[in-house]
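>>> Could you work out the structure for the sequence below:
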Amino acid sequence: MATSTGFPSAAPFRQRTLFQWIVLLTLLAWVFTAVVLAIGGRPDPARLRAVAPLIDGPWKFHVGDDSRWAGIPVDDASWETLDLSAPASSNDGDVGLPNYVSGWMAHDHYGYQGYAWYRRTLSIPEGDHAWDILGPTAVEDGYELFWNGDRLGGSGRLGDAPRVVGTRPMIFPLPADAAGTQGVIAV
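Okay, the predicted model is just below:
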């Protein structure tokens, strides 16, 4: 297309250049994302770990489902004890999340499909702080989290018609009166 001066119009050139920049920036964003995912996650910084302790170590575990297992008075002495501590420098096999802990399939329940419960007693430090619990971050299906028998929340839908979901990290606040007490967390 020529202008009134007889020279070609610059509009098609500007559109082509803009399109090339958009394509280039999109490709760079994809490459950056791929590099970040390939590197994987990093362990939590020491300052964060000091104020946000892991709830790893021994947990009681039982295959099956009974809503009464969320409460305090349950006799879980006959339940299995699973060590849910993350091995040093462990990462999940998917996107490289650090501190990965394998679930029941790595603890002699390979192939089991169904419900199961994890329980543990926690001591909440004293003080005027509000305390939260980070829910499981690598659950294949769904879960519900309980504190002393009271449901704090969950992810997915359990019951007669369960809904499978990809679980994202979720934070659940403990009751305001939990500081300075001991209680049972059940998942």
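
>>> buried residues in the secondary structure element (helix or strand) that T81 belongs to?
Assigned by DSSP states H and E, T81 belongs to strand 80-83. Buried residues in strand 80-83, counted by 16 or more other C-beta atoms under 10 Å: L82. Quick note: C-beta positions are derived from backbone N, CA and C, even for glycine.

>>> In terms of secondary structure, what does the longest strand anywhere in the chain contact?
In the chain, taking DSSP state E as the definition, the longest strand is strand 116-123. Counting contacts by 3 or more C-beta pairs under 8 Å, 6 or more residues apart in numbering; DSSP states H and E, strand 116-123 is packed against strand 58-63, strand 182-186.

>>> Would you agree T81 is in contact with F61?
Yes. The criterion here is C-beta atoms under 8 Å, and T81 meets it with F61 at 7.3 Å.

>>> Show me the common contact partners of those two, please.
Common neighbours of T81 and F61 (criterion: C-beta atoms under 8 Å, 6 or more residues apart in numbering): none identified.

>>> ok, which stretches of this protein are helices?
Here the chain has its helices, by DSSP state H, at 11-39, 46-51.

>>> Among these, show the one with the smallest mean pLDDT.
Of all the helices of the chain, mean pLDDT reaches its minimum on helix 46-51 (a mean of 60).

>>> where are the low-confidence patches of this structure?
1-13, 34-53, 92-100, 105, 137-138, 140, 163-168 (pLDDT under 70).

>>> How is it divided into domains?
With domains defined by automatic domain parsing, the chain comprises 1-39, 46-186.

>>> how many neighbours does S89 have?
A total of 9 residues lie near S89 under the criterion other C-beta atoms under 10 Å.

>>> That one and A186: what is the separation?
30 Å (C-beta to C-beta, to the nearest Å).

>>> go on, M170?
For M170, the distance to A186 - C-beta to C-beta - is 16 Å.

>>> residues in contact with D56?
84-86, 101.

>>> Which among those residues count as buried?
84, 86, 101.

>>> From what I see, the first one and V101 are in contact.
Yes. The pair L84 and V101 passes the contact test of C-beta under 8 Å, sitting 5.0 Å apart.

>>> Measure how far stretch 122-136 is from the centre of its chain, please.
17 Å (C-alpha atoms, centre = their mean, to the nearest Å).

>>> Could you do stretch 103-123 as well?
Per C-alpha atoms, centre = their mean, the centroid offset for stretch 103-123 relative to its chain is 16 Å.

>>> Start and end of that stretch, how far apart?
End-to-end distance of stretch 103-123 (C-alpha to C-alpha, to the nearest Å): 23 Å.

>>> what's next to it, contact-wise?
Residues contacting stretch 103-123 (C-beta under 8 Å, 6+ apart): 55, 58-66, 69-70, 74, 76, 79-80, 82, 84, 139, 158, 181-187.
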